[in-house]
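> Build the 3D model from these lines:
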Amino acid sequence: MDKSITVIGLDLAKSVFQVHGINAEGEVVVRRKLSRSRVLAYFNQLEPCLVGMEACATAHYWGRELKALGHDVKLMPPQFVKPYLKSQKNDMRDAEAICEAVTRPTMRFVPIKAPDQQALLALYGVRDHWVRLSTRLINTLRGYLAEFGIVAARGRMGVEAILDTLADDQDDRIPDLARECLMPLANELRHVKRQILEMDRKILKAHRANPICHRLETIPGVGPVIATRVVAEVPDPKIFKSGRAFSAWVGLVPKQNSSGGRERMGQITKKGNPELRRLLVAGAISMIIRAKRSDFTRHPWLSRLLERKPMMVVAIAMANKIGRMIWALMVKGEKFNPAKLMPA
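Purely as a prediction, here's the structure:
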């Protein structure tokens, strides 16, 4: 096995992996395909080297496995690798682009997630699946029952009213055939609601077991769901230089279109992590609603901002501020200080 390889670009796939290796002078040493079963055996025979991969499906698993073999593994966002792709796309050129991109001094890398963090993300993925299924079932039941003049209120109480109406055999507004068709959907909805509650219990259990989550929960607008999601999504908060860099990764900072020394700021970038951004904005909205009930006596900053800006703009600004506080508490290990969140 050639020991002159210093950098390898590894293009991941389901079954066939592409390897592109160069030496210290930048000369191509190896180009070859590997089946999935031969990947670890191949890298086990190599001297420790720099291995670059795109942060895509299974990348964190392979990153952990190759690090265990002594290699220096770097994951990169696929959009940052794309500019290094020459000519048309294929596996060989993808591996070459990865090999070149991983050596760039200004390249941004993605920390490798631990199995526990990926397990938390799987928990959130399954919960989101049940929530989407619940929404679809509720809309289906509402739509069919509306054809018979049965319209329930919005929210949880309205859903319960729909289920009670379907279960009432004495209600002659629903034809027997329609009731027979809709009852399985109602039973499935009850099952889905139980699954969502079970996922929430698991999230709360994970939250209570993590000391970082305890600190994050003290921030207004942050609860167990946001706290555990942040811990799962951010293996190492120190990769962000500042709280603003963290907010930019979430996608909560203005989009720039500056030129000629003139700064032009637009809407938020919506880059980075859409799920975490959605949760932070929801937490900010809930905080604004609670602040309105208390006449803003504890939140003069929000009061002044709402006088000049629409509520959603204020919610984005508040989510940005919450994101910066999350980063500060994770990096510095400090306790939350309410005076720093809402300056007078």
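> List the buried residues for stretch 322-340?
Neighbour-count burial for stretch 322-340 flags 322-330, 336 (criterion: 16 or more other CB atoms under 10 Å). The C-beta positions use only the backbone N, C-alpha and C, and glycine is treated the same way.
> That stretch - what's its average pLDDT?
The average of the pLDDT scores along stretch 322-340 is 82.
> hang on, the earlier thing: most widely separated two among the buried residues of stretch 322-340?
Pairwise distances across these peak at 14.0 Å for Gly323 and Phe336 (criterion: CB to CB).
> all strands of the stretch 1-150 of the chain, in order?
Taking DSSP state E, counting those that start in this stretch, the strands of the stretch 1-150 of the chain run over residues 7-11, 16-22, 28-35, 50-54, 72-76.
> what does the stretch 151-300 of the chain give?
254-256, 265-268.
> rank those strands by pLDDT, which is bottom?
strand 265-268 - the lowest mean pLDDT of the strands of the stretch 151-300 of the chain, at a mean of 66.
> okay, now Thr6: neighbour count?
Residues lying near Thr6 (other CB atoms under 10 Å) number 17.
> which stretches of the stretch 201-344 of the chain have low pLDDT?
For the stretch 201-344 of the chain, residues meeting the criterion pLDDT under 70 lie at 257-261, 263-267, 294-298, 338-344.
> what are the ranges of the helices in this structure?
Along the chain, the segments classed as helices by DSSP state H run 39-44, 59-68, 78-81, 91-101, 115-146, 156-167, 176-208, 211-217, 224-233, 243-250, 274-293, 300-308, 311-332, 338-341.
> tell me the angle the fourth one makes with strand 28-35.
I take that to be helix 91-101. Per axes from the mean of the first three to the mean of the last three CA atoms, to 10 degrees, the angle that helix 91-101 makes with strand 28-35 is 130 degrees.
> what's the spacing between helix 91-101 and its chain's center?
Relative to the chain's own centre, helix 91-101 is displaced by 26 Å; criterion: CA atoms, centre = their mean, to the nearest Å.
> next one: the first one
For helix 39-44, the distance between its averaged C-alpha position and the chain's averaged C-alpha position is 31 Å (CA atoms, centre = their mean).
> Which strands or helices does that helix pack on?
Where contact means 3 or more CB pairs under 8 Å, 6 or more residues apart in numbering; DSSP states H and E, helix 39-44 is packed against helix 59-68.
> Tell me the buried residues in the helix it packs on?
Buried-residue list, helix 59-68, by 16+ other CB under 10 Å: 59-60, 62-63, 66.
> which residues sit against that helix?
Helix 59-68 is contacted by residues 10, 12, 39-40, 43, 51, 53, 73, 75, 112-115, 118 when judged by CB atoms under 8 Å, 6 or more residues apart in numbering.
> go with 7 Å
Helix 59-68 is contacted by residues 12, 40, 43, 51, 53, 73, 75, 112-113, 118 when judged by CB atoms under 7 Å, 6 or more residues apart in numbering.
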